[in-house]
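*Asks:* Got a sequence here, can you model it:
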Amino acid sequence: MVKFLPLKEAVAENLHDGDAVAFEGFTHLIPTAAAHEAIRQGFRDLTLIRMTPDLIYDQMIGMGIAKKIVFSYLGNPGVGLLRRARDAIENGFPRAIEVEEHSHAGMANAYEAGAAGLPCAVFRGYRGAGLAAVNPNIKSITCPFTGEVLAAVPAIRPDVTFIHAQKADRKGNVLVEGIIGIQKEAVLAAKRAVVTVEE
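*Replies:* Numbering: from 1, shown residues only. Predicted coordinates for the structure are as follows:
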């Protein structure tokens, strides 16, 4: 069902304390306004999922609304380290958070598995990487057809995904232009989706 709502109502109706939530999109498609509205509404105990948590997640972590982050690169190319995330991880301030780190390929495959309704993603990856030593959700499986050892990660299935786009129509069609990341898969993997648009 498609609903057109002011941002305050859209966030209040679709995001709840304890949810696993993805705010996905790169550069001009980062759903900044939706993340700021979530901060204003004071949600708690969120699992924040994002391929590249940058300033919006740093702000959310700094406001103490995150209990866990699932990510593939923790930083911002323009400003460097995420100071609030680092403080939460290293010092438990403003609260301790759980961390689940993946590669970009691992996250992308996990979103695709979630979008397809599969329980996990199977792909070539993590060979020679140390992430499996710190992330128990990275498993190895043997292909029953070739005997090849492959990586497996659980599908990502957010309770709600927020994305930003340029335009939408009354039927719910959305136009996304520019750097297309994992937004489509993140929306299809989610139980609920909110799209903010400029027009």
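*Asks:* Name the helix or strand for residue 133, please.
*Replies:* Residue 133 is located in helix 131-134, with elements delineated by DSSP states H and E.
*Asks:* how about the strands in this protein?
*Replies:* Secondary structure of the chain (DSSP state E): strands located at 20-23, 46-50, 66-71, 98-101, 120-123, 139-142, 149-154, 160-165, 167-168, 174-175, 192-197.
*Asks:* export those strands to TSV and tack on mean pLDDT?
*Replies:* Supplementary listing: the strands of the chain in TSV, determined by pLDDT from 0 to 100:
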stretch	mean pLDDT
strand 20-23	98
strand 46-50	98
strand 66-71	97
strand 98-101	96
strand 120-123	96
strand 139-142	94
strand 149-154	96
strand 160-165	98
strand 167-168	96
strand 174-175	95
strand 192-197	97
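*Asks:* Which parts of this protein are helices?
*Replies:* Listed in chain order, the helices of the chain (DSSP state H) span 7-14, 32-41, 55-62, 83-91, 104-116, 131-134, 183-189.
*Asks:* still on that earlier bit, can you list the residues that contact the helix holding residue 133?
*Replies:* Helix 131-134 is touched from outside by 101-103, 106, 126, 138, 140, 151, with contacts defined as C-beta atoms under 8 Å, 6 or more residues apart in numbering. The way it works is simple: take the backbone N, C-alpha and C, and place the C-beta from them, glycine included.
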